[in-house]
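Undergrad: Provide a 3D model corresponding to the input given below.
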Amino acid sequence: MGSAVFPAKKKKLEAMIKKYGEDMTWHIFKTNFKTDYPEDWELINSAFESYQRNTKRGKNHPMPHPDKYLKNMYTSISKEN
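TA: Sure thing, here's the model as predicted:
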């Protein structure tokens, strides 16, 4: 699923690095992502809820919980820098 959850993911992550610095913590990233990109945060939550609704009981789906999804994004940009 990756970048399909919300548009211009890489560009927005680069903007956050520029705005908050390469050494931003997970907490700063999480708080400011939700503040700076509320529509994208809602898209992430909506995608997760859609998977939850459409996955048969007892089966797994590929989308992590929204907070884990953000953590994965944070980890990916932290490794790049």
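Undergrad: quick one: pLDDT of residue 73?
TA: Note on residue 73: pLDDT of 91.
Undergrad: so what's it closest to, chain neighbours aside?
TA: Using CB to CB, 6 or more residues apart in numbering and skipping the chain neighbours, the partner closest in space to residue 73 is residue 13 (6.5 Å). Every residue, glycine included, has its C-beta placed from N, CA and C.
Undergrad: how about residue 65?
TA: Nearest to residue 65 is residue 48, by CB to CB, 6+ apart, at 6.6 Å.
Undergrad: related to what we said a few turns ago, the residue nearest to residue 73 contacts residue 75, correct?
TA: No: using CB atoms under 8 Å, residue 13 makes no contact with residue 75, being 11.5 Å away.
Undergrad: ok, these two, which is more surrounded?
TA: residue 13 (18 against 12; other CB atoms under 10 Å).
Undergrad: the more buried one: which element?
TA: Element membership for residue 13, per DSSP states H and E: helix 9-20.
Undergrad: which other residues reach whichever helix or strand comes after that helix?
TA: Downstream of helix 9-20, the first helix or strand assigned by DSSP H and E is helix 26-36. If you take CB atoms under 8 Å, 6 or more residues apart in numbering as the criterion, helix 26-36 is touched by 12, 16, 19, 20, 24, 40, 41, 67, 70, 71, 73, 74.
Undergrad: and the residues you listed, which two are furthest apart?
TA: 19 and 67 (21.1 Å; CB to CB).
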